[in-house]
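> pasting the sequence and the predicted coordinates here, then a few questions.
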Amino acid sequence: MVEHPVVTAVVEGSVASAAGIDAGWRLVDVNGVVPTDVIEYQQLTDGADLELRLLDRDGAERTVKVDKAQGEPLGILVASAVFDRVRTCDNHCPFCFIYQLPKGMRRSLYLKDDDYRLSFLYGNFTTLTRFTELDVERVVTERLSPLYVSIHATDPELRARLLRNPRGATSLRWLEVLLDAGIEVHGQVVLCPGINDGAALERTLLDVLDRYDTLSTLGVVPLGLSDFSKEPDLRAHTAAEANAAIELVERYQEVFRSTLGRRLVYAADELYVVAGRVPPGVDAYDTLDQAENGIGLWAEFARAFRRRRGALSVRPGFFQSVEGAPALGYRAPNLGPRAHGAHDATADRVVVLTGSYAAPLLRVLCDEAGLQDVEVLAVENRFFGGNIAVAGLLCAADVARAIEGAGAATYLLPEACLTNGRFLDDPALDEMPGDVRAVAVDGAALRRELEALLAHR
């Protein structure tokens, strides 16, 4: 069933505004075609001289003719990315973080999708277990690229076990079809100690070389395990296990480079930290297309903080192909009503709040830059517990506790832990005690903010 998308805003001065379309109306069809998602909507509205059927706020049907040039933006923003039902995930992966959330959080956090359209729009990873021939036809015909695919293991029995879905054993056939059709695909392996690491990971890398060698990238990321996990067979990596995984990945990088001319596979920054190693610099990457997945994110952050030029850039994993896609879930804007960037310090101290993994790395950067007066405070994640120590999963309760224990200061917080100005556990940024400011997860932005604050103390 297709729901009529709500018009959330009409751009002032646009052709939609001139035609009298208003926010709160619902879009029924475009030139007689009912779009099923924002991708199809964008394609339909890209043409000239449109006839739109809409329902106004009172539910009355209106037919609006819009005179516009080919390719001219219509000027309508809609409330959702998918107008029919989001294709939910029917896997039961034991490492899925949604199963590791406590009860009572925002409803949107519990949505478990496996929709290739959200992979294209937002960079979400899909397992392809619900993929069909019709989906392949659409992806290939409309060139819905790039897509992001969770591989985890190429051994059919092991993949089915990891996904807890018998279709996991066969669904990678779609990956071959997509790659053969020239679709850009980025893959990932969530590494579970004693399950799909070691020899299983090596088989996966060999199969990638043999069958999936046109993958754009393959990220190997460690298992994140909260205190709410109920899986007795899962555990966090030891330093030795993380180091072994890195060494295997780096060995196969050389294999891929010698045979394909590129590294293809990369270990996540988090694996290096768990192994007690500093993540590599940007020279160790051919691309930063998986930076949002923690692959080279620290390298780019450090490069920007040090004000060095770089040939690589981070491609955002959302809105990358359809400009009209609405911000949904954790892809919504980070900041709420409180803006960041004010340079008046309210205390003599300047403190950067971050996760336990990034804190020692950030301390080194500040010392290198002569910012010894800046304090770096690692916030322990007691909300999730386990081995959760990344900045993006910091919650309000833990941030508030850290601030109250550290005293008066101007605190800088990575905006990645916010969605529309709210933390995962729901309090808003402006409910934090003291002066807390969100800063973009960008090395150059953080350094500018620190230098400005120190200059105005």
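That came through fine.
> burial count for the closest residue to S356 other than its chain neighbours?
The shortest distance from S356 to any non-neighbouring residue, by C-beta to C-beta, 6 or more residues apart in numbering, is to A389 (3.9 Å). For every residue, glycine as well, the C-beta is placed using N, CA and C. Counted with other C-beta atoms under 10 Å, residues neighbouring A389 total 22.
> quick check: A389 touching Y357?
Yes: between A389 and Y357 there is a contact at 4.6 Å, judged by C-beta atoms under 8 Å.
> tell me how far G224 lies from G434.
29 Å (C-beta to C-beta, to the nearest Å).
> between these two, which is the more surrounded one?
Remark: of G224 and G434, G224 carries more neighbours, 19 against 16, as counted by other C-beta under 10 Å.
> for the residue nearest to S150 when sequence neighbours are not counted, what are its contacts?
Closest residue to S150 apart from its sequence neighbours, by C-beta to C-beta, 6+ apart: F125 at 4.4 Å. Applying C-beta atoms under 8 Å, 6 or more residues apart in numbering to F125 gives the contacts S119, Y148, V149, S150, Q188.
> wasn't the second one part of a strand?
Yes: the assignment for Y148 (DSSP: H, G, I helix; E, B strand; the rest coil) places it in a strand.
> could you report the neighbour count for it?
26.
> how far away is it from L365?
Y148 is 29 Å from L365, by C-beta to C-beta.
> in the helix or strand where E157 lies, what's buried?
Element membership of E157 [criterion: DSSP states H and E] is helix 156-163. Neighbour counts over helix 156-163 (16 or more other C-beta atoms under 10 Å) mark L158, R159, A160, R161, L162, L163 as buried.
> need the max-distance pair from those.
Using C-beta to C-beta, these span at most 9.7 Å, a distance reached by L158 and L163.
> give me the pLDDT value at H152.
pLDDT, H152: 98.
> before we move on, the earlier item: tell me the mean pLDDT for the helix holding E157?
Per-residue scores along helix 156-163 average to 98.
> gap between it and the chain center?
24 Å (C-alpha atoms, centre = their mean, to the nearest Å).
> run through who's touching it.
91-95, 127, 129, 151-153, 166-170, 172, 192, 195-196, 200.
> again, only this time at 10 Å
In this structure, residues lying in contact with helix 156-163 by C-beta atoms under 10 Å, 6 or more residues apart in numbering are 89-96, 114, 127, 129, 150-153, 155, 165-172, 189-190, 192, 195-196, 200, 203-204.
> what sits up against the helix or strand following that helix?
Sequence-wise, the next helix or strand downstream of helix 156-163 (DSSP H and E) is helix 173-180. With contact meaning C-beta under 10 Å, 6+ apart, helix 173-180 is reached by 116, 126-129, 131-133, 135-136, 139-140, 144-145, 147, 149, 151, 154, 183-185, 187, 208, 211-216.
> repeat the analysis, applying 6 Å as the threshold.
By C-beta atoms under 6 Å, 6 or more residues apart in numbering, the list of residues contacting helix 173-180 from outside reads L128, F131, V136, V149, V185, T214.
> again, but for stretch 293-306
Residues contacting stretch 293-306 (C-beta under 6 Å, 6+ apart): 219, 266, 268-270, 279, 281-282, 285, 288, 291, 310, 314, 365, 442-444, 447.
> returning to that earlier point: including distance to L454, could the buried residues of helix 156-163 go into TSV?
Putting these into TSV (distance: C-beta to C-beta, whole Å) gives the following:
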residue	distance to L454
L158	52
R159	51
A160	55
R161	53
L162	48
L163	50
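> if we only consider the residues you listed, which is nearest to G59?
Distances from G59 to the buried residues of helix 156-163, taken by C-beta to C-beta, are shortest for L163, at 43.2 Å.
> how far away is the closest one from D207?
16 Å.
> swap in E449?
On the measure of C-beta to C-beta, E449 and D207 end up 45 Å apart.
> of the two, who's got more company?
Taking neighbours as other C-beta under 10 Å, E449 and D207 compare with E449 leading, 21 against 16.
> with adjacent residues omitted, what lies nearest to the more buried one?
V439 (5.3 Å).
> dihedrals phi and psi, that neighbour?
phi -130, psi 140 (degrees, to the nearest 10).
> swap in T354?
Dihedral angles for T354 - degrees, to the nearest 10 - are phi -160, psi 180.
> so who does it touch?
L362, A391.
> again, 7 Å this time
If a contact means C-beta atoms under 7 Å, 6 or more residues apart in numbering, then T354 has L362, V376, A378, V379, A391, P414 as its contacts.
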